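Engineer: I would like the atomic coordinates for the input below:
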Amino acid sequence: MELFRQVYGFNYLLSISLTGWLVAQVLKTLINGLLLGKFSLERMWGSGGMPSSHSATVCSLVVAAARLYGPDSAIFALAFIMAIIVMYDAMGVRRETGEQAKILNRMLTDWMEAESANSPFLGDKKLKEMVGHTPFEVLGGAAVGVGVGWLIPII
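Structural biologist: Down below sits the predicted model:
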């Protein structure tokens, strides 16, 4: 218990939220490595992928707020509403942005091949395609966040 107090003592809600984020990012990096057969350190801070670290962060905050202040508190209500918005955005706007990036990257590649030349204004730049999440990735992140929020004791 003393270890938890030393690690989480300065701000319990912030600490739990950051732990949810970190656990999701580590899991995302490991899952990505297993699926692709190679380790990519970029996945530790990159967005998109399984599980959603955004969902893990806000869901761990919701659970910690419920445990610390109760589900009838204003802090829990704010955390819950924020979680809904973040997860909706991850599956909606951000996911659509990634889909558009895939199409634009494909169009630019086809254009460059057809022209048989490199574009001086683009170089080798590509738009980032992994920015959003599927509903399954959001659900996975939510599960990680709920787990972190329940497993770390209240100090």
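Engineer: Distance-wise, check the residue positioned nearest the centre of the chain relative to residue 149.
Structural biologist: Geometric centre of the chain, nearest residue: residue 53, 2.5 Å, by C-alpha atoms, centre = their mean. Distance of residue 53 to residue 149, computed by C-beta to C-beta, to the nearest Å: 14 Å. C-beta here means a position set from N, CA and C on the backbone, and glycine is covered the same way.
Engineer: For this protein, give me the ranges with low pLDDT.
Structural biologist: In the predicted model of the chain, residues 1-9, 43, 93-102, 105, 109-133 satisfy pLDDT under 70.
Engineer: what about the strands in it?
Structural biologist: Using DSSP state E, the chain contains no strands.
Engineer: biggest helix in it by residues?
Structural biologist: helix 12-36 (DSSP state H).
Engineer: Of all the residues in that one, which ones are buried?
Structural biologist: 12-13, 15-21, 23-25, 27-29, 32 (16 or more other C-beta atoms under 10 Å).
Engineer: What is the nearest of these to residue 75?
Structural biologist: Nearest to residue 75 among the buried residues of helix 12-36: residue 13, at 7.6 Å, using C-beta to C-beta.
Engineer: Just give me the neighbour total for the closest residue to that closest one other than its chain neighbours.
Structural biologist: Spatial nearest neighbour of residue 13, excluding adjacent residues (C-beta to C-beta, 6 or more residues apart in numbering): residue 64 at 5.4 Å. Using other C-beta atoms under 10 Å, residue 64 has 28 neighbouring residues.
Engineer: show me the contacts for residue 64.
Structural biologist: 12-13, 16-17, 149, 152, 154 (C-beta atoms under 8 Å, 6 or more residues apart in numbering).
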